[in-house]
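**Student:** Quick one, what's the 3D model for this:
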Amino acid sequence: MTQKSPQEASSPVQGKIPPVYNGKLITDEDDQQEIVQRDFSAPAQLLIQLGLWFPLDSSVWDDFHFELTSKTRKIKRMRFVDTGDQTPIATLTDFTVAATKGTDPQTGKPLLWLGMDYRLTSHGYRIFDGYDGGPMAVQLNFRSSAGGIVYQHRLSPGVKLACGHNNFHVTNLHAERYWVDWFDPWQKLDRDGWGTVEQC
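**Tutor:** Numbers count the residues shown, from 1 in each chain. Reported below is the predicted structural model:
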C-alpha cells in the first residue's frame, strides 16, 4: 500500500498522527443478484421488543400478528480497499439487505423497516478517529427495474472497523417512517462506500 503523508490533528493538542489511508467499497463476489420476496406473519410483541413499532398500549396487542411482505437482496462478499493500490482494508461477508412492509393497525398507514446483516473482518486496519475520521460509510441505492433510484439509505452509524474484527457479526435495523412508496418498485440494489482508516 502506498503510504500517505501524515495529517495534523485538529484537537487542542497539536501533533503528528499515524499515516491514514482512504478506502473505497467494491463488490468482490455477487452470485445472487435477484430480489427474493416472501409473505409471512410476525407477532406484534416481537416488533415492539425490537423497537420497530410503538403502540399506545402494548398489552392490547399481545395476541396480534402482523401480516408482512419482505424483499431481500444478498451480496456474498464486499471489500473496502485502498483507493490507490487496492490493498484490502476490510471484508464484509454475506451482506444482506431486507426491507419489510406492513400496515399499522392503529392508524392504517404503511410501516417499513430495513435490516442490514453482515460479517466484518479487518485486514490490519481500524477506523481513524481524528479529523474527518469516524465509521466507514456505506450507502445503499435502491433502484427500479429501469435503473432509476427510488430510495437511498446510508448505514448508521456506519462500519465501525476495529483491529480485532474477525468474522464479527453486525446487525443494523432502521424504521423508515416517511419514505415508504419505494418498496413496490424496488428491483435492483447497488452500493457505494468510503472512509479513512489507520493501521493497527
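**Student:** Could you list the low-pLDDT ranges of the protein?
**Tutor:** Within the chain, the stretches with pLDDT under 70 are 1-18, 130-133.
**Student:** I'd like the distance between the residue nearest the centre of it and C200.
**Tutor:** Residue closest to the average C-alpha location in the chain (C-alpha atoms, centre = their mean): L155, at 3.9 Å. Here L155 is placed at a distance of 22 Å from C200 (C-beta to C-beta, to the nearest Å). For the C-beta atoms, the positions are set from N, CA and C on the backbone; glycine is no exception.
**Student:** Also I75?
**Tutor:** 26 Å.
**Student:** Which one of these two is surrounded by more residues?
**Tutor:** Using other C-beta atoms under 10 Å, the more surrounded residue of I75 and C200 is I75, with 22 against 13.
**Student:** Looks to me like the more buried one is in a strand.
**Tutor:** Yes: remark: I75 belongs to a strand, assigned using DSSP: H, G, I helix; E, B strand; the rest coil.
**Student:** tell me the contacts of it?
**Tutor:** I75 makes contact with 27, 29-30, 32, 95-96, 189, 191, according to C-beta atoms under 8 Å, 6 or more residues apart in numbering.
**Student:** Would you write a PyMOL line that selects the buried entries of the residues you listed?
**Tutor:** Of the contacts of I75, the buried ones can be selected in PyMOL as follows, counting by 16 or more other C-beta atoms under 10 Å:
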select buried, resi 95+189+191
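**Student:** Inside helices: which ones of the contacts of I75?
**Tutor:** Counting by DSSP state H, no part of the contacts of I75 is found in helices.
**Student:** of the contacts of I75, closest to F64?
**Tutor:** Using C-beta to C-beta, T96 comes nearest to F64 of those, at 27.1 Å.
**Student:** Any idea what that closest one is bridged to?
**Tutor:** Counting by DSSP bridges, T96 is bridged to K74, D117.
**Student:** Quick check: the gap between it and N172.
**Tutor:** According to C-beta to C-beta, T96 stands 11 Å off from N172.
**Student:** Check the contact lists of the two and give me the overlap.
**Tutor:** By C-beta under 8 Å, 6+ apart, T96 and N172 have these common neighbours: 115-117.
**Student:** Can I have the buried ones of those residues as a PyMOL selection?
**Tutor:** Buried residues within the shared contacts of T96 and N172, by 16+ other C-beta under 10 Å, are selected in PyMOL with:
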select buried, resi 115+116+117
